[in-house]
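**Q** model the structure of this input:
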Amino acid sequence: CGRGTLDRNKRASSYQLALDSIMGACFSSDQKYHVRKVVYPVTKEDVKEAQDAWAAAIVEISRSHADKEDYVGLAVAKAEQLYGYGYGQVLFKPTKAADAPFRPLVMDAYSYFVGCNAPGVKNGYKEDKGFAINGGDGWSKVKFDNHDIACYGEVAIAMGTYYFTSAKDKSVAKVEYTFGYKRCGDGKVRICLHHSSVPYKA
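**A** Next comes the predicted model:
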């Protein structure tokens with residue numbers, strides 16, 4: 001080998017030792033050169049955007065049903081955008097569910113939102129009349145009123161009351177909620193927890 005080659009090898013070895021030293025300060029020996037994933041926290045602004053998107057989706061699905069369009073296809077697309085099914089566990093306890101109060105599977109959610117007899121719904125629950133379409137009456141407006149939002153890094157939790165205005169008679173249904181939001185692997189914030197119930201009456 002020529003002297004130039006030896007010098008290059010020596011410099012390369014020095015660079016490697018420096019890199020090993022830097023990486024070793026952050027990783028154990030079996031983790032060298034692995035890039036640590038950057039996780040962006042879920043902010044209050046993220047939560048409010050997700051809530052606005054959820055409210056708009058309910059109204060849009062109701063309108064699609066009223067116009068005899070493919071409201072089921074729309075609901076499926078919105079569920080994929082809004083809920084973390086497919087990215088991890090989702091804890092879902094909907095409002096109008098008694099026989100099957102907990103819905104861990106995505107098909108359980110479809111049954112609840114569009115109804116057990118809607119096209120494409122498999123093994124739906126008979127109690128499901130289609131919350132997103134208000135049992136056929138539809139919703140014209142959904143409004144979130146947060147009691148508070150707590151942010152814990154890549155997860156945030158919101159609690160409060162939301163109001164649903166019937167498209168049929170303009171009556172307003174008051175429901176209490178707790179939502180959890182998590183940043184998924186693709187960087188988007190989706191629902192990982194959804195619990196809602198009607199206010200307690202003594």
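**Q** need the helices for this protein, in chain order.
**A** Remark: helices assigned in the chain by DSSP state H are 3-24, 44-66, 71-82, 106-114.
**Q** output the below-cut-off pLDDT ranges for the chain.
**A** For the chain, residues meeting the criterion pLDDT under 70 lie at 1-38.
**Q** any idea how far the lengthiest strand in it is from the chain center?
**A** The longest strand of the chain (DSSP state E) is strand 139-152. In terms of Cα atoms, centre = their mean, to the nearest Å, the centre of strand 139-152 is found 14 Å from the chain centre.
**Q** ok, stretch 137-144 next?
**A** 20 Å.
**Q** buried stuff in that stretch?
**A** Buried positions in stretch 137-144, judged by neighbour count with 16 or more other Cβ atoms under 10 Å: 137-140, 142, 144. From N, CA and C alone the C-beta is placed, and that goes for glycine too.
**Q** again with stretch 85-98
**A** So for stretch 85-98, counting by 16+ other Cβ under 10 Å, buried means 85, 87, 90, 92, 94-97.
**Q** show me the two of the residues you listed that sit farthest apart.
**A** 87 and 96 (25.8 Å; Cβ to Cβ).
**Q** still on that earlier bit, keep only those of the buried residues of stretch 85-98 that are in strands.
**A** residue 92.
**Q** and of the buried residues of stretch 85-98, the nearest to residue 41?
**A** residue 87 (16.9 Å).
**Q** so what's the backbone phi/psi at the nearest residue to the closest one once chain neighbours are set aside?
**A** In this structure, residue 87 finds its nearest non-sequential neighbour in residue 184, 4.0 Å apart by Cβ to Cβ, 6 or more residues apart in numbering. Main-chain torsions, residue 184, degrees, to the nearest 10: phi -80, psi 180.
**Q** for residue 184, what are its contacts?
**A** 84, 87-88, 190 (Cβ atoms under 8 Å, 6 or more residues apart in numbering).
**Q** hmm, back to that, pull up the pairing partners for the longest strand of the chain, direction included.
**A** Strand pairing for strand 139-152, using DSSP bridges, gives strand 155-166 (antiparallel).
**Q** buried residues in the strand it pairs with, which are they?
**A** 155-158, 160, 162, 164-166.
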